[in-house]
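Student: Whatever this is, show me its structure:
(2 chains)
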Amino acid sequence: MALSINELDLEVVGREITGRPVPGRAHRPYGPYLLGLPALVLASLLLVPMTLTAVSAFRTPGGFGFANFAVLREAGVVHAIGNSIAWIGVALALVVTGLSIALIGHRVQSLWSFLQPALILPFAMSTLVAGAAFRIIFDPAPQRGTVTALSTAIFGGSKVWLGPGWFWVVLVSAFCWTWLGYTVALFRAGLAAIPDDIGRTVQAEGLRGWRRLRAVELPILRPITGIVTLTLVVAAVRLFELVLITVPGPMQHDADVLVLHWWRMPTDPAPGRAAVLALVMFVIVAFVAVIGVRGLRRNWAMPSSVLESCASRPRTKPRPRRRRLGLIVAVSAGLIWMLPMVVLLASALHNPDAARLRGWWRPEGLGLQSLAASGAELGQALISTLFTAGLATALTLLVAVPTAYLLAWGGLPPRLGKLVITVFVVLAVTPLPMYATPLSHAFAMLDMAGSRISLALVHAAVGLPFAVLLLRAAFASAPPSVVSEALLGQVRQSEVINQVRRTYQPVLVAVVILQFILVWNDFVIGFLIGGPGTTPLSLVLWGQARQFATSTGPVAAAAVVSSIVPVVLVWRFWPTIVRGLTVGTKP
Amino acid sequence: MKDDEAADDQEYWWRRYLLGIAALASFVLSNLAFDYFRHFKVGGWIIVVEYMVVGTLALFWLIVYVPPAWRRFHRWRGERGSTALPGPTPRTLLRSYAAQAERSLITLGSEAGGMAAAAWFEQEKSELLTLLYTTEVDTSTVDDLAWLCDALEAWYVRQRQAEPLLALSHQLTAIAKQAQRPELEELAAIRAATAYRLLGDLESAADQLRAAIHLHVPAGAAEPAIRTRLAVEQGLLHLAWAERYPHGDNRDEEMHNAQKWFDEAGLKVPRADPAADIAIQLDRGLVCLHRHDTDGAKEHFQVAEARAAAARDVSAQAHALELLGMESWQRRNTRQAVLWWQEAQDRYAAVEEREGQARCLQHLGSAELVTGDGYLANILLEKSATLRGGADGHEVLERYLAQARRYRQPQAEPAEQSPTPPSPNTPLDRLRQRWRRWWYLP
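Tutor: From the prediction side, this is the model:
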């Protein structure tokens, strides 16, 4: 080899490694492993009870065996499993719908500008609030229920929407209302991130319509499709409070889903039967997760943010007629989507009697009495929820950041790294029944039931896996050469942090906001594990909703008050949240 | 090195038990605390924390200490098994040469015995080759034959003798196939790639590396070392490709690939292999040098020089000094460059590494030619050619030697058509020129 340097040709040789190969492994300092210690401790809050549940599923009075699995043949259980699988179908249909809306919005920009705010706000609201809103809208009394009143006015009569069979429409509507915005927003972000040169090539090749979708857009959106599908399927399998609040008592058997059936199942004489149901749920979601989350297992993500777009290539404006049509469709759809929020607000602004007897659209009985009635009860719950959500978020962040750092470039052997990520993926989707019973028993045994700290700990443990996976993708977006230099001790690790700051900061914001909102809106963990004394907001709302027919006003008021904080947070930070959620999923 | 590690182990034996002791102490203390706080009804937390801490410490103890203990057990069992075998095979000559080759390989290029090792290789080369080609391959001889190959490979690479190296790698391939040892086969393929690269046949070198990658080597103690070697050879091959493109995207891409492979080698290199670590540092610095990143290059070369000095690896130290000279030349610090090359040349001479010594003399000669003293340049370049047994096949040396031969006599007027080197013009420069001539002239 010759190298020409400053008018001199120098013969330069590299250095080969010669002689006998030296046995041994690469130098891996054990120090970084300590970064994972807090996560191990926190995750053991879930792992240990999960193991106990799994063991309990196989434990029979005579030892170990499959006797408990006979529960899967019971008619009630088969019905619940069937319903849960139907919900998975709904979730998949919602993914397709979300993708279609995102594709239309990508081509007609004006549609999206108006539709986006209406679509994303429901994502900030709890399922309990969504259930309450839809129960008011579909109330069977024409003087109260919006849809019933409209049907009666137009057709002279109406179906009983919350009656047998038809309650499914209400349930599916509420589910879609909550999740559609999230789905569309993520797909939109993915479409916006398609590199400009690919767009130009596609145009030059003349690919249009279905061919363009199949050849370009769907393959590029595959990682985001994985994450969206995973989230929705897990939400569908975990469905609990929506059925509990929306479906009137006598019909709840028809609407039975796995979690609800598990909750109603007596655990005392044969705990193994309930454990089998938990295990079945776990296997379903873990299977979906491991298949659907391949996008999160990438070794190195792309370094740039997905929302970057090339300013040099302005979008082609659609024709005026198409724009006007898009505008009209968007405004109409946006108004329809806002209806449940308007209904809740209007009901909350009526006094309790007016809300109970008349529709929200009537001006009679306007006043702040409903808000005042629920306010007294909500004051304590607000403080309690704020404390729990704040503590859980802080804990999650404190533990997730070092763990994600370790997973991204802490020098873990590749196989161990993949294993840990798979464990986190499975933990992220584990249904609550897998750990609820042993945890609540342990808390009761240790006199910790009803403690806000223990509730916050459980929330932190539940939120940890998703936070770690998101943050890892951000850390991993650092250029490999910088990472390897940091690992070899040739550059400071702060150099790597600087390199990933652009991707790391939005993910951090996304993790904080999402974790805070999830804990704030949580019902099921507080209900099943928290115990008396923790008084989270959603439990108070649930307590009022048990007499739904008589306390519509206070329920709506409580729903509005409890939604203010998450709605404001999501409204303010939505672009950052989307950026954070899609980091590492860019093709 | 092993002695040092053993001494460290003895000194820090207590570390082995630290986690276990901590787990036990946590258990005892937290139980005491639980008993104390139970009266205040806050004991539950302590028990939770206790189980978590004790469990975690115990887990770490298992992770840290069980694998080494398992390896020690296997080693002990292997040693016991080997001593239990009936008497040694009659291949005592092979065994004796393999043992001597092992010793010479270890001391080759080192301060203690480097010259003696070089002399041994020079003297025994033919005998080693005879043994290599005539000994029957079976399970009792394959390791000794591999030792001979390892030692000869190191010798040929130091002397840049590509053709014997290629023949040697083919022989090792045959031995590995016969003994069904895929790790030796992979090693042979990597060595063949080195030989082809030295011969300038980069396509064949790439073919050999592709073959090496596709060989399924069982995971074992030597696997990281072989993978490191493969990555380094890939990087060097990309550097060689880069030389074919003086400028442009292709060159940048090859440089990028070389950098990538050296980075990967850096992450895989076994901790007990300082020579490999130094080689990777030098190669990474070389990439910086090609990219005109003088700061990066200097950093890598200085680290390599320090590590080589600490390991008493004179050959690697000389290589680092030689490359430091190039880095100084790139900064236009010509005096410092000459000083580095002089020092490198001395060190190469001390371990009888003639090719390295010849290279340094060539750098010095060509530098003299460019900076002013054609007479001295001629002497240095002639010495370089003598050490190499002639300038044939060394393109750069041939070119500079042809220019320098015009200044065979100190007072001789240069030919009219020849480029006139700038003459020393200050008393200090003249003094320095005299000093250099005195130093290099016999």
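Student: where does the closest residue to chain B within the stretch 101-250 of chain A land in three-state SS?
Tutor: Relative to chain B, the nearest point of the stretch 101-250 of chain A is residue A:197 (16.4 Å; CB to the nearest CB). The way it works is simple: take the backbone N, C-alpha and C, and place the C-beta from them, glycine included. Secondary structure, DSSP: H, G, I helix; E, B strand; the rest coil: residue A:197 is helix.
Student: give me the number of residues near it?
Tutor: Counted with other CB atoms under 10 Å in any protein chain shown, the neighbours of residue A:197 add up to 10.
Student: mind listing what residue B:27 touches?
Tutor: With contacts defined as CB atoms under 8 Å, 6 or more residues apart in numbering or on different chains, the neighbours of residue B:27 are B:50, B:54.
Student: cool, residue B:205 as well?
Tutor: B:192-194, B:196-197, B:233, B:237, B:240.
Student: a markdown table for these, including pLDDT?
Tutor: Listed next are those as a markdown table, based on pLDDT from 0 to 100:
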| residue | pLDDT |
| --- | --- |
| B:192 | 95 |
| B:193 | 95 |
| B:194 | 95 |
| B:196 | 95 |
| B:197 | 93 |
| B:233 | 95 |
| B:237 | 95 |
| B:240 | 92 |
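Student: out of those, who's near chain A?
Tutor: With CB under 8 Å from any CB of the partner chain as the criterion, the contacts of residue B:205 include B:194, B:233, B:240 near chain A.
Student: just checking, what packs against the one helix or strand the second one maps to?
Tutor: Using DSSP states H and E, residue B:233 sits within helix B:223-243. With contacts defined as 3 or more CB pairs under 8 Å, 6 or more residues apart in numbering or on different chains; DSSP states H and E, helix B:223-243 has these neighbours: helix B:182-199, helix B:202-214, helix B:249-268, helix B:274-290.
Student: Which residues belonging to that helix are considered buried?
Tutor: Neighbour-count burial for helix B:223-243 flags B:223-242 (criterion: 16 or more other CB atoms under 10 Å in any protein chain shown).
Student: try stretch A:249-269
Tutor: Within stretch A:249-269, the residues that qualify as buried by neighbour count (16+ other CB under 10 Å) are A:251, A:255-263, A:265.
Student: now it: how far from the chain's centre is it?
Tutor: 24 Å (CA atoms, centre = their mean, to the nearest Å).
Student: One more: stretch A:540-549?
Tutor: That offset, for stretch A:540-549, works out to 25 Å (CA atoms, centre = their mean).
Student: Need the distance between the two termini of that stretch.
Tutor: Start and end residues of stretch A:540-549 are separated by 16 Å (CA to CA, to the nearest Å).
Student: Give me the mean pLDDT for stretch B:326-341.
Tutor: Mean pLDDT, stretch B:326-341: 91.
Student: what's the answer for stretch B:136-144, then?
Tutor: Stretch B:136-144 shows a mean pLDDT of 85.
Student: now do stretch A:445-457
Tutor: Stretch A:445-457 shows a mean pLDDT of 84.
Student: Also stretch A:123-138?
Tutor: Average pLDDT, stretch A:123-138: 89.
Student: Equivalent analysis for stretch B:397-415, please.
Tutor: pLDDT averaged over stretch B:397-415 gives 72.
Student: For residue B:315, list the residues it contacts.
Tutor: The neighbours of residue B:315, taking CB under 8 Å, 6+ apart as the test, are B:108-110, B:114, B:158, B:347-348, B:351, B:353, B:356.
Student: thinking again about what came up before, for the helices and strands packed on helix B:223-243, give me a markdown table that also has distance to residue A:226.
Tutor: Formatted as a markdown table, those follow (distance: least, CB to CB, whole Å):
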| stretch | distance to residue A:226 |
| --- | --- |
| helix B:182-199 | 37 |
| helix B:202-214 | 30 |
| helix B:249-268 | 28 |
| helix B:274-290 | 37 |
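Student: Lowest average pLDDT across those?
Tutor: Of all these, helix B:249-268 carries the lowest average pLDDT, namely a mean of 87.
Student: got the angle between it and helix B:274-290?
Tutor: Helix B:249-268 and helix B:274-290 are oriented at 160 degrees to each other (axes from the mean of the first three to the mean of the last three CA atoms, to 10 degrees).
Student: How far away from the center of its chain is helix B:249-268?
Tutor: For helix B:249-268, the distance to the chain centre is 17 Å (CA atoms, centre = their mean).
Student: Return the list of helices and strands in contact with that helix.
Tutor: Checked by 3+ CB pairs under 8 Å, 6+ apart, helix B:249-268 has helix A:480-487, helix B:223-243, helix B:274-290 packed alongside it.
Student: May I see the ones you listed organised as a markdown table, with distance to residue A:154 added?
Tutor: Output for those, formatted as a markdown table (distance: least, CB to CB, whole Å):
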| stretch | distance to residue A:154 |
| --- | --- |
| helix A:480-487 | 63 |
| helix B:223-243 | 74 |
| helix B:274-290 | 76 |
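Student: for the helices and strands packed on helix B:223-243, which one sits closest to residue B:48?
Tutor: helix B:249-268 (38.8 Å; CB to CB).
Student: Now do the closest one against helix B:223-243, angle only.
Tutor: Using the same axes, to 10 degrees: helix B:249-268 against helix B:223-243 is 160 degrees.
Student: Could I have the CA atoms of helix B:249-268 written out in PDB?
Tutor: The C-alpha coordinates for helix B:249-268 follow below in PDB (Å, rounded to 0.1, in the frame of the first residue of the first chain):
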ATOM      1  CA  ASP B 249     -17.300   8.100  -3.400                       C
ATOM      2  CA  ASN B 250     -15.800   4.600  -4.000                       C
ATOM      3  CA  ARG B 251     -12.800   5.500  -1.900                       C
ATOM      4  CA  ASP B 252     -15.000   7.000   0.900                       C
ATOM      5  CA  GLU B 253     -17.200   3.900   0.900                       C
ATOM      6  CA  GLU B 254     -14.200   1.600   1.200                       C
ATOM      7  CA  MET B 255     -12.800   3.700   4.000                       C
ATOM      8  CA  HIS B 256     -16.100   3.600   5.700                       C
ATOM      9  CA  ASN B 257     -16.300  -0.100   5.400                       C
ATOM     10  CA  ALA B 258     -12.700  -0.500   6.700                       C
ATOM     11  CA  GLN B 259     -13.600   1.700   9.700                       C
ATOM     12  CA  LYS B 260     -16.700  -0.400  10.400                       C
ATOM     13  CA  TRP B 261     -14.700  -3.700  10.300                       C
ATOM     14  CA  PHE B 262     -12.000  -2.300  12.600                       C
ATOM     15  CA  ASP B 263     -14.700  -1.100  15.000                       C
ATOM     16  CA  GLU B 264     -16.300  -4.500  15.000                       C
ATOM     17  CA  ALA B 265     -12.900  -6.100  15.600                       C
ATOM     18  CA  GLY B 266     -12.400  -3.700  18.500                       C
ATOM     19  CA  LEU B 267     -15.600  -4.900  20.100                       C
ATOM     20  CA  LYS B 268     -14.700  -8.600  19.700                       C
END
